[in-house]
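J.: Build me a model from this:
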Amino acid sequence: MYAPQLLELNIENPNIPKLLDPSLLKAARKIYRAYQQVNPDHIQRPLGVAISRLTYRGQVIFFRKPILLPDECFIPFEQMESELH
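T.: Numbers count the residues shown, from 1 in each chain. All right, here's what the predicted structure looks like:
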């Protein structure tokens, strides 16, 4: 049985990420692409996406790292951008 590894930020050192679930990363990229299509004139770089591990629904975050619900995680833009371009 395969158990996906979750990737979250290391709280002690936020510059060193832990492993992320690839399906969460894919969903975060999809959320960001949808945001870009709806808001093509908005050029500010986001901090990342806050996303639910259960529903894969999320929100693009621009100003500060969000306070997350227990089933949510934050995926930094740096981890998403490698496959966006």
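J.: Every contact and neighbour count from this point should use C-alpha atoms.
T.: Will do.
J.: Mind naming the longest helix for this structure?
T.: helix 22-38 (DSSP state H).
J.: helices and strands around it, which ones?
T.: Applying 3 or more CA pairs under 8 Å, 6 or more residues apart in numbering; DSSP states H and E, one finds that helix 22-38 contacts strand 48-52, strand 58-61, helix 77-80.
J.: Show me which helix or strand of the chain is least confident by mean pLDDT.
T.: The weakest-scoring helix or strand in the chain, judged by mean pLDDT, DSSP states H and E, is helix 77-80 (a mean of 88).
J.: rewinding a little: out of the helices and strands packed on helix 22-38, deepest packed?
T.: strand 48-52 (a mean of 24; mean count of other CA atoms under 10 Å).
J.: partners of that one in the sheet?
T.: Sheet pairing for strand 48-52, assigned by DSSP bridges, gives strand 58-61 (antiparallel), strand 72-76 (antiparallel).
J.: Distance to residue 52 and mean pLDDT for the ones you listed - can I get that in a markdown table?
T.: Listed next are the strands paired with strand 48-52 as a markdown table, based on distance: least, CA to CA, whole Å; pLDDT from 0 to 100:
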| stretch | distance to residue 52 | mean pLDDT |
| --- | --- | --- |
| strand 58-61 | 6 | 95 |
| strand 72-76 | 4 | 93 |
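J.: now those as CSV including distance to residue 45?
T.: Listed next are the strands paired with strand 48-52 as CSV, based on distance: least, CA to CA, whole Å:
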stretch, distance to residue 45
strand 58-61, 9
strand 72-76, 11
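J.: Tell me how far the residue lying closest to residue 28 once chain neighbours are set aside lies from residue 70.
T.: For residue 28, ignoring the flanking residues on the chain, the nearest one in space by CA to CA, 6 or more residues apart in numbering is residue 49 at 6.0 Å. Distance from residue 49 to residue 70, counting by CA to CA, to the nearest Å: 15 Å.
J.: Equivalent analysis for residue 35, please.
T.: Counting by CA to CA, the gap from residue 35 to residue 70 is 24 Å.
J.: Looking at these two now, which is surrounded by more residues?
T.: residue 35 (14 against 8; other CA atoms under 10 Å).
J.: That concludes my questions; thank you for your assistance.
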